[in-house]
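Peer 1: 3D model of this:
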Amino acid sequence: MANVSLSDMQFRASSKEIAISPGEKVGTVLRTGSRVSARRSTSTPPTPKISRAALCLDKILKEMSVSAIGNGNGNIYCEVTSSGSVLGLYFDGFSLYSTDPKATNSSRASALVPLVLHANCKEEPEYLETQKSLEELINAYKAGGGIVGRVELAYFCDCFYYDTKDIIPAEINVLEFDSTMRLQVEQACRSESLTPISACGLNEYLNSTMFSHITFEPPAAASKSVSTASTGSDGFYEMCKEGDFDVDFEWTKTQQERIRPRTFLEKFVPNKAHRMITKLANHDLTTVIDRIADGKTGVDTIQDNYLNIILVGKPGTGKTTTAEALSATLGLPIYTVSLSKNTEEDEVQGKTKVIEGKFQFKETPFLEAYENGGIVVLEEFNLADPGMMQGAIGQAIEYPFVLLKDGYQEVHRHPMCVFISTMNTATQGAREPNEALTSRSPVTIIMEDPGDDEFLSILMSKGYTKMDCERVYTAYKKIITYLAEEAGNEEMVMCVTLRHCLGALKLLEAEFDFKDAINNSMIGSIAIKDLSLADDVRTSVLDTLRL
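Peer 2: Reported below is the predicted structural model:
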C-alpha cells in the first residue's frame, strides 16, 4: 500500500499548458480580488490559483478520454486513456484503487480525475460550490466554442481545493484494483448502484458503457427473466408481486415449503437493499441456470456468479425482513441460522445426536441450504467467534466452495445458494468480524434508518391507525434527538428502535395510556442500560409532549 498527497496531486509543479484555456498553465495565480471560494479563510489573500484539476478538465472536456460511472455517495469508477494505455481507478472517498498503483502518483493528472468527479457527484452541501462552479465553466466552455476563460477556470480550481481539503484525507491510500474490487464494481453496475454520471452536465463528455478493466453489463439486459416493463420505483414492486423476478429452478417439495409466499410482499415496505439484491440475484442466478442447462457442473457452474452479501444496520432497520422479502420475490427457500458467542462448527457442518440410544447424524439448516440451494441468513454473524467462523466456512462460501460435512466429508456449495449475513452496529456483545471472512462478501449494504414516510408506512403496514403511528413516531424522533444532542449519547440512540415503536403501538391497541405506552417501550429500553438517563428522558421529553 502507498499513499499520495492531496495537495501534491493538485499543486505539484507543472508547466503544461491548459488545452481548454490556451496560454494558461498550471500554477498561474490570478490577481488579488478575483472571484474565490466562500470556504477560504479570511486570513488567506483572495488570489485563486489554477491547479492540476484543470488538466483533468482537459481530459474530460477537450480529449473526452474518460469513461466513468458513479453515485450520489461520491463513489466513482473511471478509466482514463493516456498515451495509448488505459488506467482504471476507483475512489470511495477515502482510498484510491488503481489497476497500476505504481503509476498512480502525484505527478499524474489521471489520478486526480476520480477525485474531481467525486466532488461533482457527491450529494452533499459541502461540495455545492464546486458543483456550481463546474456547471458555470461548462456553460462558458460551450458558449466559447471549446475555450474557457482563465477566470472561470481558476474559480473552479479554487472551489475544488477549498471544498476537498477538509473532506478528502490529506494523504490518500493507493491500493490495487484487484479481482475482489473488480467483482464489487461489476456487481454495483449490475445492481445500478453505479450509474452514468449526469451531474453538472458532465454526461455528454463521459463514456458510461465502454470499459477495459471491468465487464460492464447494462442492467436492463442483465437478466433473461426480467420483464421489459419499467423497473423504476413506480413499477418495480408490482413486478415483484407478479413474480417477474422468480428464478426458474425446480425445488423439492420440502424446499418449496420454505419459500415465503408472494403475499408476504403485500405488507412489506420497499427499501433500496431489497431492490438492489433482487436485481443482482436475478442476474447471477439466471446466469447459473443457463450454465446448468448447457451441461456445466461444479465450480464451472458458479464461476464468479455467487452471492455473499452483508447487511449492516442498527436493530430494527429490517435486515431479516428484507431477506424474507427476497425469498418471496425470487422464489427461493430461506434458512435462518442464529449465531452467538457459543455457536460451534457443528452448527454449520451438521450435528451428531443421541436419538433413542443411538448416534445419528442430523443436518442443520445451514448444511441443508448449502447442499440443496436457497438463501442462508446468518443472523448476527459478528457475534460468533471469528476464528470459528473462518475455520467453518472460510472455504465454503468462496472458491474452492468446500465444506466439511460432519467434520470430515467434503461437500460442495450448491450453485443456487445465496448467503446473506446480517449484523447490528454498535450493539453489546458484538465482535469485529474476521477480515478474511468479510472480504469474501464483497457486497456490503448499509441499512439506514427509514425516512419519515417509510417509517410511518412500516408502522401502518402492521394495521395500526395513522394517528397512533404519527403520535408514536413523533415521540420516537424527540427521544432519539434528545439522546443524541442533549445527552450526547450516540450509543444509547441504538437502544431505541422501530421495534420499540411497534411495542408502543401494541400497548396503545391494548388501551394503555399514551405516556404509559411510550414509557414501557422506548424509555424502558433505555432504563435497561441507564436508569438515570431514562428518568431524564421521561422528564425532558415524555412529560413535555403535547397529546
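
Peer 1: so how many other residues sit close to Lys279?
Peer 2: Neighbour count of Lys279, defined by other CB atoms under 10 Å: 22. Every residue, glycine included, has its C-beta placed from N, CA and C.

Peer 1: count the residues that sit near the spatially closest residue to it that is not a sequence neighbour.
Peer 2: Leaving out its chain neighbours, the residue that sits closest to Lys279 by CB to CB, 6 or more residues apart in numbering is Ser191, at 5.1 Å. Using other CB under 10 Å, Ser191 is surrounded by 22 other residues.

Peer 1: change the start of the numbering to 46 and stick with it
Peer 2: Sure, I'll start counting at 46 from here, so that last one is Ser236.

Peer 1: which ones are touching Ser236?
Peer 2: By CB atoms under 8 Å, 6 or more residues apart in numbering, Ser236 lies in contact with Pro264, Met321, Ile322, Lys324, Leu325.

Peer 1: Phe464: how many residues sit nearby?
Peer 2: 24.

Peer 1: that one pairs with what?
Peer 2: Asn353, Val421 (DSSP bridges).

Peer 1: from Ala437, how far out is the residue nearest to Lys324?
Peer 2: 29 Å (CB to CB, to the nearest Å).

Peer 1: what's the answer for Asp339, then?
Peer 2: From Asp339 to Ala437 the distance is 32 Å (CB to CB).

Peer 1: and if you look at Ala370?
Peer 2: 28 Å.

Peer 1: count of residues packed around Met434?
Peer 2: Counted with other CB under 10 Å, Met434 comes out at 23.

Peer 1: I meant Leu576, not that one.
Peer 2: 10.

Peer 1: what does Asn427 give?
Peer 2: Neighbours of Asn427 (other CB under 10 Å): 24.

Peer 1: spit out the contact partners of Cys123.
Peer 2: Here Cys123 is in contact with Val111, Ser112, Ala113, Ile114, Gly133, Leu134, Tyr135, Val158, Pro159, Leu162 (criterion: CB under 8 Å, 6+ apart).

Peer 1: and which of these is nearest to Leu220?
Peer 2: Ranked by distance to Leu220 (CB to CB), the contacts of Cys123 are led by Tyr135 at 9.1 Å.

Peer 1: could you pull out the strands for the stretch 346-495 of the chain?
Peer 2: 352-358, 379-383, 396-400, 403-407, 419-424, 447-450, 454-457, 462-469, 488-492 (DSSP state E, counting those that start in this stretch).

Peer 1: what do you get for the stretch 46-195 of the chain?
Peer 2: 47-50, 111-115, 121-127, 130-136, 140-143.

Peer 1: for Arg84, which of the ones you listed is the nearest?
Peer 2: Nearest of the strands of the stretch 46-195 of the chain (CB to CB): strand 47-50, 19.6 Å.

Peer 1: partners of that closest one in the sheet?
Peer 2: Going by DSSP bridges, the partners of strand 47-50 are strand 216-221 (antiparallel).

Peer 1: any chance you could list what contacts whichever helix or strand comes after the strand it pairs with?
Peer 2: Sequence order places helix 224-235 as the next helix or strand after strand 216-221, per DSSP states H and E. The contact list for helix 224-235 (CB under 8 Å, 6+ apart) reads 114, 120, 122, 135, 142, 220, 238-239, 258-262, 264, 267, 324-325, 328, 349, 484, 487-488.

Peer 1: now the buried members of these.
Peer 2: Buried subset of the contacts of helix 224-235 (neighbour count, 16 or more other CB atoms under 10 Å): 114, 120, 122, 135, 142, 220, 238-239, 258-259, 261, 264, 267, 324-325, 328, 487-488.

Peer 1: go through this protein and flag its longest helix.
Peer 2: helix 317-338 (DSSP state H).

Peer 1: what mean pLDDT does that one have?
Peer 2: The predicted model assigns helix 317-338 a mean pLDDT of 90.

Peer 1: pull out the buried positions in that helix.
Peer 2: 318-334, 336.

Peer 1: picking that back up, nearest to Cys285, of the contacts of Ser236?
Peer 2: Scanning these for proximity to Cys285, where the rule is CB to CB, the winner is Lys324, at 10.7 Å.
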